[in-house]
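Visitor: Okay, predicted coordinates and the sequence, questions at the end:
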Amino acid sequence: MNTLQPGEWINNYADALYGYTLARVTDSGLAQDIVQDSFLSAWKAKDGFKGEASEKSWLFSILKHKIIDHYRKKARNILVPLEEAGNDDHFDGKGHWASGREPGDWDMENSSALDRKEFYTIFNGCKSKLQELQQAAFVMKYMEGLEAAEICKVLGITPSNYWVLIHRAKLQLRACLEKNWINPSNPSR
């Protein structure tokens, strides 16, 4: 049976929770606020902790819900008309890259820790340039692992709008990463 040690939460988990959040919201002040809100919610709910999960898992679960709540609230204030994606041939009918349209090999397996850090810095910069709903949908799908139906419910959008958002997010991220990370004029990459 796991127990809680609220007096140690900040020392033990604040940095990990902050890093996790920052990768999903790309604004350090907002990430700090979400982590603080998560700690406050955990403190209020501590009497309901059953000890079935580890303290760390329990705190991360609360944090993930806070991140989703953030995007849910944000989605209510964003009214962006989304037209259909049209005849774009970048993806097949299942949302995968079409044959011959895939991004080039970025060789991340053979990169150093420094290269990976630089990549994620650039990736987060590219992600922050997405429209708010695109970023919300992308984060929930690819970083939080939520299903499309749940994302549509959280964001209050139709499945058609969801797929357009994901489609455009992938195209914009690809273009931004290829411009800023896979620079053809830089032979070292």
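Guide: Alright, I've got the coordinates.
Visitor: pretty sure A169 contacts F138?
Guide: Yes. If you go by CB atoms under 8 Å, A169 and F138 touch, sitting 4.3 Å apart. C-beta coordinates here come from the backbone N, C-alpha and C atoms, glycine included.
Visitor: Show me this protein divided up by domain.
Guide: Annotated domains of the chain cover 6-76, 90-189 [automatic domain parsing].
Visitor: want to try TSV for those domains, with mean neighbour count and mean pLDDT as columns?
Guide: As requested, these are exported to TSV (neighbours: other CB atoms under 10 Å; pLDDT from 0 to 100):
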stretch	mean neighbour count	mean pLDDT
domain 6-76	16	92
domain 90-189	15	79
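Visitor: How about the most centrally placed residue in the chain, nearest residue that isn't a chain neighbour?
Guide: What sits nearest the mean C-alpha location of the chain, by CA atoms, centre = their mean, is V139, with 2.6 Å. The shortest distance from V139 to any residue other than its chain neighbours is 4.9 Å, reached at R24 (CB to CB, 6 or more residues apart in numbering).
Visitor: So which residues of this protein form helices?
Guide: 9-25, 28-45, 55-76, 113-128, 132-138, 148-155, 159-180 (DSSP state H).
Visitor: As CSV, the ones you listed with distance to M1 would be great.
Guide: Output for these, formatted as CSV (distance: least, CB to CB, whole Å):
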stretch, distance to M1
helix 9-25, 19
helix 28-45, 17
helix 55-76, 12
helix 113-128, 37
helix 132-138, 37
helix 148-155, 31
helix 159-180, 41
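Visitor: Which of those sits closest to N2?
Guide: Nearest of the helices of the chain to N2, taken as CB to CB: helix 55-76 at 6.0 Å.
Visitor: which residues sit against that closest one?
Guide: Here helix 55-76 makes contact (CB atoms under 8 Å, 6 or more residues apart in numbering) with 2-5, 9, 12-13, 16-17, 20-21, 24-25, 30, 34-35, 37-39, 41-42, 45, 49, 53, 132-133, 136, 139-140, 144, 146, 154-157.
Visitor: quick one on the thing from earlier: wait, what's in contact with the residue nearest to the centre of the chain?
Guide: R24, V25, I67, Y71, K127.
Visitor: The closest residue to F49 other than its chain neighbours: neighbouring residues, count only.
Guide: Spatial nearest neighbour of F49, excluding adjacent residues (CB to CB, 6+ apart): L4 at 5.3 Å. Using other CB atoms under 10 Å, L4 has 17 neighbouring residues.
Visitor: quick one: L4 and D47 touch, right?
Guide: No. Using CB under 8 Å, L4 makes no contact with D47, being 9.6 Å away.
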